[in-house]
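Engineer: would you be able to build a 3D model of this:
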Amino acid sequence: MNCEKVSEQITLWLKDQVCRAGMKGLVIGVSGGVDSAVTSALCARTGLPVIAVSMPILQKTDQNERATEHLVWLRDRHPNVTIYVTDLSRSYLALLDDLPECASTELGCVNSRSRLRMTALYAYANSSHYMVCGTGNKVEDFGIGFFTKYGDGGVDLSPIGDLLKSEVYELARYIGVPQSIQAAAPTDGLWEEDRTDEAQIGASYDEIEWAMHYCKKKSLKDPPDISSREDLTPRQKDVLSIYLKRHRANRHKMTMPPVCTLNKDT
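Structural biologist: So this is what the prediction gives:
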């Protein structure tokens, strides 16, 4: 991948989108992960006013430290970036008190954290006439739907949505984001324990990318009989099964909500 060309394309696209919308700048959440690090760096390169926010919710220390390190890295290199650390732990605990249904399952807690963070980003955006920038990559957003509906999936712009995870790492090396972020195991930081993305998915990003390429090459859309495919190793069959199951289950996240089309003439 030509990282110089891709980074320039994304920054020009961001500037054009903000201009077309008649807005003034960009808001982005910084988690300490590589996706938000790369995306926020690209936002900063536009020269537009950028608000970069870390939003810890009962966060692990190492995740906080990486997020803070990146915020400082951004601010020191780009005078157009304003940084904030907004601890949402108290708001999150109050939400669980008021809506105990949110805490009825682990997933309910996880999704509530994500949606609370997006509420905070839009509060910043609305008060400044900025647009909220998403940090989802192609594997997460269009491969396995690994995001929270109306949480980290509810954004105005998706700058890296056409980049595979491996390509995000390429850009991270090109841009020179902090090494601690590049080396850290990917995690959404939404679980009480330090649960990695790979542990949640059951496969690595490289494996999921392989499955995406395989399905495209073989034109696999409907569930195939994976067990009978002689061109696959046992692990590849497992990975393909994981990918297809998640893709089917999360398809509703990747499309607009169904609309009831009415016949109003009868």
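
Engineer: quick one, domains of this structure?
Structural biologist: As assigned by automatic domain parsing, the chain contains the domains 3-183, 202-253.

Engineer: least confident of the ones you listed, on average?
Structural biologist: Lowest mean pLDDT of the domains of the chain: domain 202-253, a mean of 85.

Engineer: for the stretch 1-150 of the chain, just list every one of the helices.
Structural biologist: 3-21, 34-45, 61-77, 89-98, 106-128, 138 (DSSP state H, counting those that start in this stretch).

Engineer: so which of those comes closest to residue 260?
Structural biologist: In terms of CB to CB, the element of the helices of the stretch 1-150 of the chain nearest to residue 260 is helix 106-128, at 25.1 Å. Glycine gets a C-beta too; all of them are placed from N, C-alpha and C.

Engineer: closest to residue 247 out of the helices of the stretch 1-150 of the chain?
Structural biologist: Distance to residue 247, taken as CB to CB, is lowest for helix 138 among the helices of the stretch 1-150 of the chain, at 12.5 Å.

Engineer: got a list of contacts for that closest one?
Structural biologist: Residues outside helix 138 that contact it (CB atoms under 8 Å, 6 or more residues apart in numbering) are 160, 161, 162, 163, 164, 165.

Engineer: can you redo those residues as JSON lines with distance to residue 26?
Structural biologist: Listed next are the contacts of helix 138 as JSON lines, based on distance: CB to CB, whole Å:
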{"residue": "160", "distance to residue 26": "13"}
{"residue": "161", "distance to residue 26": "15"}
{"residue": "162", "distance to residue 26": "18"}
{"residue": "163", "distance to residue 26": "18"}
{"residue": "164", "distance to residue 26": "23"}
{"residue": "165", "distance to residue 26": "22"}
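
Engineer: nearest to residue 1 among those residues?
Structural biologist: Of the contacts of helix 138, the one sitting nearest to residue 1 (CB to CB) turns out to be residue 163, at 8.5 Å.

Engineer: so the closest one: helix, strand or coil?
Structural biologist: At residue 163 the chain is in coil, as set by DSSP: H, G, I helix; E, B strand; the rest coil.

Engineer: wait, it touches residue 171, no?
Structural biologist: Yes. Because the distance of 7.2 Å satisfies CB atoms under 8 Å, residue 163 is recorded as touching residue 171.

Engineer: which residues do those two both contact?
Structural biologist: residue 6.

Engineer: residue 54 versus residue 86, what's the distance?
Structural biologist: Residue 86 sits 7 Å away from residue 54, going by CB to CB, to the nearest Å.

Engineer: tell me which of the two has more neighbours.
Structural biologist: Applying other CB atoms under 10 Å to residue 86 and residue 54 shows that residue 54 carries more neighbours, namely 23 against 15.
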